[in-house]
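*Asks:* below are the sequence and a predicted model; questions follow.
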Amino acid sequence: MDFNNNEIVFNNVYKNLIITKGKDPKNRQIISFYLSNLPDPLIVNYNSLVEFIVKNLRTIVKNDYVLVLFSSDMVYKPSWSWIIQMYNTLDRNFKKNLKVLYIVHPSFWSKVLVATFTKIVSPKFGKKIKWIKCLNQLSRYIPYNEITIPLKIYEYERRHKLDKIVMSNQNIIESSSSSSSDLSSTADSKDDSQSIENAGTVFGVPLEQLMGYEGEYGIPKIVSDAIEFLLENGLKEEGLFRRSPSMHLIKTVKEAYNIGNANITIQSLNNIHLAAVILKTFVRELPDPIFPAELYPQFKKINYKTEPSELAVEINEKILDKIPTNNRILFAEICRLLKEVHLNSEANKMTANNLAIVWAPNLVKSGKPLEDFEMATVAPEGTVGSFVRWAIENYDILFAFHNSSSTSSLRMSNTISEGIPPRNVIYRRNNILKNW
């Protein structure tokens, strides 16, 4: 099949291959090139494709620019002679105005190609190259929010354990050598890095770090993203919160939120069960549980035969008032979502009872597994599980204060810790005013 003159095909290939988005710290245009998306040369004529690419980039390269070449998982490799030939056909702006070429995840093929290229074509060209072994190193030169990094590149990092690499402050690879031996030693050197676990900035950190001490920073972005997505897309999904995507995908999304990468979000991945699991994971990995063990005796005293409005006041006074403000705000937001899921249980099969079964274990953590297991059980009464079920069924009474509009009102801006300030909370028993 001959697609040589089909501009629609070239345009689709171009969109997958190249993204012109963002500026580097020196205000130079960033051009990202994804080699893993090179098409089959038996289907797409590379000479015609290059002409199409050059035509689309000609205006951009009139000014200084940087090129980020993602070389991982490359399937189709053009011949060296063809690459050299194509380089020689480029006009002066492409060559002169290229200030830096970042080669990310360099392979043996790319190292040898560059070594050969710099010897035969342009020894000076090698000085423009920076070899980038991991995304962490790339972020030293280009902020994550200025570049598009597809999910499969994060997956490549995780497969090869490159996500564990943290660059040292002093030693960063500045440029390549024109010799292949220097290239190999530079790219493979481990002197400038150490392997450690990534320190999370969203998962596994205290709520006060994300929300302030009294909730003044609002709901964490990961929570609002997940809740908003599930309210819009997941209420009819059967088995919501019971099914799980691959652990590999979960880890990749956690990593993206931990480093603040805006390219990979709950919305962009469009996976209902992923959003549900990420929300549960965030709550489960909090250093301190939503409900501390000191309150277990209070849960055991709850009498669910009490009239709901009276019981809501009692629970607020004896339990919710005793936990930190951030815990109350977060628990209320989760229950707001779970209430909507429960109301759609005919379609999703997730009643308040079923939701309490899957959620209660994420809300307790005392260091005594047997006691926690007992408290997470959804019994008729006396456990956190039974309370969660009641809270879902009686959300409007228990959280009469809580904003019931869509989660879009809680949507974060670009930083993790921005959001809405807490509101005055009013519930009535002798006209008591509680300021949460």
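*Replies:* Nice, I can see it.
*Asks:* can you pull out the helices in the stretch 101-250 of the chain?
*Replies:* Along the stretch 101-250 of the chain, counting by DSSP state H, counting those that start in this stretch, helices occupy 108-120, 135-138, 151-159, 180-188, 207-211, 221-233, 247-258.
*Asks:* ok, of those, where does mean pLDDT dip lowest?
*Replies:* The minimum mean pLDDT among the helices of the stretch 101-250 of the chain belongs to helix 180-188 (a mean of 37).
*Asks:* might one say that Leu135 is in contact with Glu155?
*Replies:* No - using CB atoms under 8 Å, Leu135 makes no contact with Glu155, being 11.7 Å away. Placement of C-beta: from N, CA and C, glycine included.
*Asks:* who has more neighbours, the two?
*Replies:* Counted by other CB atoms under 10 Å, Leu135 and Glu155 do not tie: Leu135 has more neighbours, with 24 against 18.
*Asks:* the more buried one and Ala352, how far apart?
*Replies:* With distances taken as CB to CB, to the nearest Å, Leu135 is found 42 Å from Ala352.
*Asks:* give the contact list for Lys293.
*Replies:* Check again: residue 293 is Ala, not Lys. Residues in contact with Ala293 (CB atoms under 8 Å, 6 or more residues apart in numbering) are Val364, Ser366, Gly367, Lys368, Glu371, Asp372.
*Asks:* show me which of those residues is closest to Asn261.
*Replies:* When those are ranked by distance to Asn261 (CB to CB), Val364 comes first, at 31.6 Å.
*Asks:* how much space separates the closest one from Glu237?
*Replies:* Computed with CB to CB, the distance linking Val364 and Glu237 is 26 Å.
*Asks:* C-alpha coordinates for stretch 208-221, PDB please?
*Replies:* Taking C-alpha atoms only, stretch 208-221 is exported to PDB below (Å, rounded to 0.1, in the frame of the first residue of the first chain):
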ATOM      1  CA  GLU A 208      -0.700  18.800  57.000                       C
ATOM      2  CA  GLN A 209       2.100  18.900  54.500                       C
ATOM      3  CA  LEU A 210      -0.500  18.800  51.700                       C
ATOM      4  CA  MET A 211      -3.500  20.600  53.300                       C
ATOM      5  CA  GLY A 212      -2.000  22.900  55.900                       C
ATOM      6  CA  TYR A 213      -2.600  22.400  59.600                       C
ATOM      7  CA  GLU A 214      -6.300  23.400  59.400                       C
ATOM      8  CA  GLY A 215      -7.100  22.500  55.800                       C
ATOM      9  CA  GLU A 216      -6.300  26.000  54.600                       C
ATOM     10  CA  TYR A 217      -4.700  24.600  51.400                       C
ATOM     11  CA  GLY A 218      -7.700  22.600  50.400                       C
ATOM     12  CA  ILE A 219      -8.100  19.100  49.100                       C
ATOM     13  CA  PRO A 220      -4.900  17.500  47.700                       C
ATOM     14  CA  LYS A 221      -4.900  17.400  43.900                       C
END
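*Asks:* for Phe70, see how far away Asn37 is.
*Replies:* According to CB to CB, Asn37 stands 9 Å off from Phe70.
*Asks:* same drill for these two, tell me which one is more crowded.
*Replies:* Counting neighbours by other CB under 10 Å for Asn37 and for Phe70 shows that Phe70 has the greater number, 26 against 19.
*Asks:* isn't the more buried one up against Tyr34?
*Replies:* Yes - if you go by CB under 8 Å, Phe70 and Tyr34 touch, sitting 4.9 Å apart.
*Asks:* and Met305, how many residues sit next to it?
*Replies:* Quick fix: residue 305 reads Lys, not Met. For Lys305, using other CB under 10 Å, the count is 7.
*Asks:* figure out the helix or strand that Val100 lives in.
*Replies:* Take DSSP states H and E as the rule and Val100 turns out to sit in strand 98-104.
*Asks:* my bad, Asp288
*Replies:* Counting by DSSP H and E, Asp288 is part of no helix or strand.
*Asks:* state the pLDDT value of it.
*Replies:* pLDDT, Asp288: 97.
*Asks:* lowest confidence element among the helices and strands of this structure?
*Replies:* Within the chain, confidence by mean pLDDT, DSSP states H and E is lowest for strand 193-195 among all helices and strands, at a mean of 31.
*Asks:* ok and the longest helix that the chain contains relative to helix 221-233, angle-wise?
*Replies:* Counting by DSSP state H, the longest helix found in the chain is helix 325-343. Angle of helix 325-343 versus helix 221-233, following axes from the mean of the first three to the mean of the last three CA atoms, to 10 degrees, is 20 degrees.
*Asks:* from the contact counts, what lies against helix 325-343?
*Replies:* Packing partners of helix 325-343 (3 or more CB pairs under 8 Å, 6 or more residues apart in numbering; DSSP states H and E): helix 207-211, helix 221-233, helix 272-284, helix 352-359, helix 384-393, helix 395-398.
*Asks:* now find how far off-centre it is within its chain.
*Replies:* The chain centroid and the centroid of helix 325-343 are separated by 22 Å under CA atoms, centre = their mean, to the nearest Å.
*Asks:* with only the CA atoms kept, save that helix in CSV.
*Replies:* Extracted C-alpha coordinates of helix 325-343, given in CSV (Å, rounded to 0.1, in the frame of the first residue of the first chain):
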residue,chain,number,x,y,z
THR,A,325,-9.4,19.1,60.7
ASN,A,326,-7.7,17.7,57.7
ASN,A,327,-9.0,14.2,58.5
ARG,A,328,-12.5,15.4,58.8
ILE,A,329,-12.4,17.3,55.5
LEU,A,330,-10.9,14.3,53.7
PHE,A,331,-13.3,11.8,55.2
ALA,A,332,-16.3,14.1,54.3
GLU,A,333,-15.1,14.3,50.7
ILE,A,334,-14.7,10.6,50.4
CYS,A,335,-18.1,10.0,51.9
ARG,A,336,-19.6,12.5,49.4
LEU,A,337,-18.3,10.3,46.6
LEU,A,338,-19.4,7.1,48.2
LYS,A,339,-22.9,8.4,48.8
GLU,A,340,-23.2,9.0,45.0
VAL,A,341,-21.8,5.5,44.3
HIS,A,342,-24.3,4.0,46.7
LEU,A,343,-27.2,5.8,45.1
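*Asks:* for the record, mean pLDDT for the following helix or strand past it?
*Replies:* Downstream of helix 325-343, the first helix or strand assigned by DSSP H and E is helix 345-348. The average pLDDT within helix 345-348 is 97.
*Asks:* just the buried positions in helix 345-348, please.
*Replies:* Ser345, Asn348 (16 or more other CB atoms under 10 Å).
*Asks:* same thing with stretch 117-134?
*Replies:* Across stretch 117-134, burial judged by 16+ other CB under 10 Å covers Phe117, Thr118, Phe125, Gly126, Lys128, Ile129, Lys130, Trp131, Ile132, Lys133, Cys134.
*Asks:* tell me the buried residues in stretch 67-87?
*Replies:* Neighbour-count burial for stretch 67-87 flags Leu67, Val68, Leu69, Phe70, Ser71, Ser72, Asp73, Met74, Ile83, Met86 (criterion: 16+ other CB under 10 Å).
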